[in-house]
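Engineer: quick one, what's the 3D model for this:
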Amino acid sequence: MPENEQGAVMPQPAHRSRSLKVWVYGLVGLLQGAVLWSLQRAIEHGIWPGTSGPWLGAAFYLTVSVPIAWYLAAGGWANRLHRMAFALVTGGVFTLLGAHAGQSWVPGVYGSVQMDHLLAAGVMGFMLVPLASGYDSSRRRFDYQRLFEHSWRNAILLLAAAALTLIFWMLLWAGAWLLESIGLDGFRHFLAQRSVAYLLSAGGFGIAIGLALGKAELLKASRQFSLSVNAWFLPLALTFALLWVLALPFTGTEKLFATHNAAFYLLWFGALVTCFTNAAFQDGCEKPAYPHWLALVLSWAWLTLIPLALLADWALAQRILQHGWSISRIWASVAATLFSVYSAGYALSLFKRSQWMASLPATNITAAIALIVIVTTLISPVADVSKIAVNDQLERLQSGKLDPSQFDWNFLRFSSGQYGQDALKGLAQNPSEEPRARQIATLAKKALALKLSSAPPAHLSQQDAMDALKTKVS
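Structural biologist: Purely as a prediction, here's the structure:
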């Protein structure tokens, strides 16, 4: 830093300090991009850690989680060392989860990475940051206003950074095409290199994060605008819910269950109503956006979400009883559990007249903690979703509930990771001479003989996938 004539340190101009901070974010992004590119190169050239699924998964999760946690933790801790320590601890947790997820990864083989694990880890990490920063240790409780500010700030921050990164790439390619139009095509070839894509994408995203954080007032204004507008969808949404509940005794549930997507429809609608309710409540420090009479009506109308949640649970339970557990049904059960918590928790506001929807903060905190615990458990060795689904489907096969020719061998071979591979090997090595056991062993051996890259397209129905599988193994 510059010194004055007396040798005292003079403060830097605010704009220079802000610029340095933005470049720090850019350097962190560049480092992240360089490591991700090196991992890609390791896979392509068959060198460590690209030859080991667990090590590759651990390195990938660590590389992604530490910078993102550091970005999102901005403003959550007054001490920079505490912020960095949180990012490193978070990275350590994700490294372990990545090593577990990587056990089923086959480097270089498309489809071996289980995307549900990646998505669940992302959701868990996003929820973890505001919970950690929003805990008031002096009062031993969560500060809901701080939780609200941090979580919504981060949501808008990520969207803004992603949009800025996209605009950055649009400008780069527009410039490359402009130069190419007069015969200067070197810049286009430069942008087409994979290393450049990694470096500029991650570095640009980091700079975008730094720029957006420097405009905190704009982020807050964007949040207030979007939430205030979305709050007025709540009366319409609860009107639909009320009409649905009133009509249900006359229509019955037969048509609903005949769609075979009843739980999906109900949970999706419940998620929208929950979001609109939070948009109206915000941090609870201000009066609701509605007139007093409408706010009271909406509090009572929320009770219509309870039968929706119960029917979603019932519909999902029926599918599980009929077809057993699958990975998608396990995640749907998590969503159904959260919807039940929200619907019952928010309804308790009728007994708390201190403010509109008074039970919302406690319900949100409870649901967030439960989500982190459940998701972490389901993407860890403790109770991995694939392990649960594989064990249940094996029990149905071995107990005789399913005919071997109708069993979804495609699921074990291509969609359940290492647990499915181990299950197939166990079935294929069954020494029993009983006809059904021999049939199972034969089909398991044929499924194991398929290459991972020859999996039927994901958009096929289960029956179409079975037909494609039978064609390949015949």
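
Engineer: which non-adjacent residue is nearest residue 103?
Structural biologist: Counting by Cβ to Cβ, 6 or more residues apart in numbering, residue 103 lies nearest to residue 418, which is 4.8 Å off, once chain neighbours are set aside. The C-beta positions use only the backbone N, C-alpha and C, and glycine is treated the same way.

Engineer: same check, this time on residue 186
Structural biologist: Counting by Cβ to Cβ, 6+ apart, the residue nearest residue 186 is residue 179, at 7.9 Å.

Engineer: how about residue 196?
Structural biologist: Spatial nearest neighbour of residue 196, excluding adjacent residues (Cβ to Cβ, 6+ apart): residue 190 at 6.1 Å.

Engineer: picking up where we left off before, quick one, what contacts the residue nearest to residue 103?
Structural biologist: When contacts are counted by Cβ atoms under 8 Å, 6 or more residues apart in numbering, residue 418 is found next to 103-104, 386.

Engineer: pretty sure residue 438 contacts residue 431?
Structural biologist: No: the pair residue 438 / residue 431 is not scored as a contact, 9.9 Å apart, by Cβ atoms under 8 Å.

Engineer: coming back round to it: output the strand or helix carrying the residue nearest to residue 196 as CSV, restricted to C-alpha atoms.
Structural biologist: Per DSSP states H and E: residue 190 is located in helix 186-191. Taking Å, rounded to 0.1, in the frame of the first residue of the first chain, the C-alpha atoms of helix 186-191 are listed here in CSV:
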residue,chain,number,x,y,z
GLY,A,186,-7.2,-17.7,-35.4
PHE,A,187,-9.4,-16.5,-32.5
ARG,A,188,-12.2,-18.9,-33.4
HIS,A,189,-9.7,-21.8,-33.3
PHE,A,190,-8.4,-20.5,-30.0
LEU,A,191,-11.9,-20.5,-28.5
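
Engineer: since we're on the residue nearest to residue 196, how many residues are nearby?
Structural biologist: Here the number of neighbours of residue 190 (other Cβ atoms under 10 Å) works out to 11.

Engineer: for residue 77, same thing?
Structural biologist: 15.

Engineer: tell me the SS of it?
Structural biologist: Of the three states, residue 77 takes coil under DSSP: H, G, I helix; E, B strand; the rest coil.

Engineer: hmm, it is touching residue 133, no?
Structural biologist: Yes: using Cβ under 8 Å, residue 77 is in contact with residue 133, at 6.4 Å.

Engineer: shared neighbours of those two, anything?
Structural biologist: Residues touching both residue 77 and residue 133 (Cβ under 8 Å, 6+ apart): residue 86.

Engineer: which of the helices or strands spans the residue nearest to residue 103?
Structural biologist: helix 417-428.

Engineer: same check, this time on residue 400
Structural biologist: Residue-wise, residue 400 maps onto no helix or strand under DSSP H and E.

Engineer: and the pLDDT for it?
Structural biologist: Per-residue pLDDT puts residue 400 at 88.
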